[in-house]
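In: Dropping a prediction and its sequence here:
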Amino acid sequence: MNFLRRVFPIAGLVIAAGSLSGCNILIPDVAADSPARFVQETSPVFYQPPGVDPRRVRPIPDQPVPQTRELYKTQFHQTYGLPVSNPVHMAMYGAVRDEDFTLPAIPVSRVQPQFLRQEVDYQTTERPGTVIVDTKAHFLYFVEENGKAMRYGVGLGRDGYAWSGRGVIQWKQKWPRWTPPVEMVSRQPEVRAFSAENGGMNPGLQNPLGARAMYIFKDGQDTLYRIHGTPDWQSIGKATSSGCVRMLNQDVVDLYDRLPAKAEIVVM
């Protein structure tokens, strides 16, 4: 009995080996080492549309190497590889809720970069907190400590060139009313509805004074010189037909918050 118990397992293995003798699993595939077979199995398969002779298809010509100034421009005049605009500028000039109004975002990509708000090195003998308006360069500087200044781009109207010298920002106002001067009313009758006798124009996004206005006095007298916001962002960095010193609304709000009481101003 013990003999049969030992023989039966061995006989089963013999029968199983015999049944698998027709399979290849026990025989190594030596042809897999053939280089010709390897190339045949791994060569790429190209799609060939019916009726198209690949020998007669012209290759795409090499594109010329772009010049340095066109390094980030494609043939479709789009950019790639670098941000189209500075994300910091996008944050500074995005839409913002200000009291009862929402200032729309400024398309900063369409404003010359030098006229966007930025801190710069600025050597001056004026003390920190002073405002300096450079009418020739269309810049306004808010003097800071350690030889620095916050620089803003401005647009200058006819009245912006009418006065120069040293004065004091006597008072400043959020969302001011606009009252055109008498000479403007006589020159432009269409603004008569906003004259002083009619109460001026209500504050708002279309008000020519924008979100903030600063009123400059000298020796206690109003110079009629103003620093103010504007809804016309395209006028920044340019000479305009009317107004004094125009700033982007987001910039004039920033300047308003920085200004100390009775800040000095120098216009040159």
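Out: On my side now, so go ahead.

In: Count the residues that sit near the closest residue to residue 153 other than its chain neighbours.
Out: Leaving aside its chain neighbours, residue 153 sits nearest to residue 115 (2.5 Å; criterion: Cβ to Cβ, 6 or more residues apart in numbering). C-beta coordinates here come from the backbone N, C-alpha and C atoms, glycine included. The number of residues packed near residue 115 is 23, by other Cβ atoms under 10 Å.

In: if I pick residue 115, what's in contact with it?
Out: Counting by Cβ atoms under 8 Å, 6 or more residues apart in numbering, residue 115 touches 138-139, 152-154, 236-237.

In: of those residues, closest to residue 53?
Out: residue 237 (60.4 Å; Cβ to Cβ).

In: Checking the closest one next. Helix, strand or coil?
Out: What DSSP: H, G, I helix; E, B strand; the rest coil gives for residue 237 is coil.

In: Distance of it relative to residue 248?
Out: Noted for residue 237: a distance of 10 Å to residue 248, by Cβ to Cβ, to the nearest Å.

In: Look at those two and report which has more neighbours.
Out: Higher neighbour count among residue 237 and residue 248: residue 248, with 30 against 17, using other Cβ under 10 Å.

In: Let me see the ranges of the strands in the chain.
Out: Using DSSP state E, the strands of the chain run over 96-98, 101-103, 118-121, 131-134, 139-143, 148-153, 155-156, 165-174, 212-218, 221-230, 245-248, 264-267.

In: on that earlier part again, mutual contacts of residue 237 and residue 248, please.
Out: 111, 153.

In: Out of the strands of the chain, which gets nearest to residue 184?
Out: With Cβ to Cβ as the criterion, residue 184 lies closest to strand 221-230 of the strands of the chain, at 11.4 Å.

In: got the end-to-end distance for stretch 237-253?
Out: Stretch 237-253 has an end-to-end distance of 18 Å (Cα to Cα, to the nearest Å).

In: quick one: average pLDDT of that stretch?
Out: Mean pLDDT, stretch 237-253: 88.

In: Run through who's touching it.
Out: In this structure, residues lying in contact with stretch 237-253 by Cβ under 8 Å, 6+ apart are 92-93, 96, 98, 103, 106, 111-112, 114-115, 117, 133, 138, 140, 152-160, 184, 208, 210-212, 225-233, 235-236, 255.

In: would you list every one of the helices in the stretch 51-200 of the chain?
Out: Ranges of helices in the stretch 51-200 of the chain, per DSSP state H, counting those that start in this stretch, are 87-92, 182-187.
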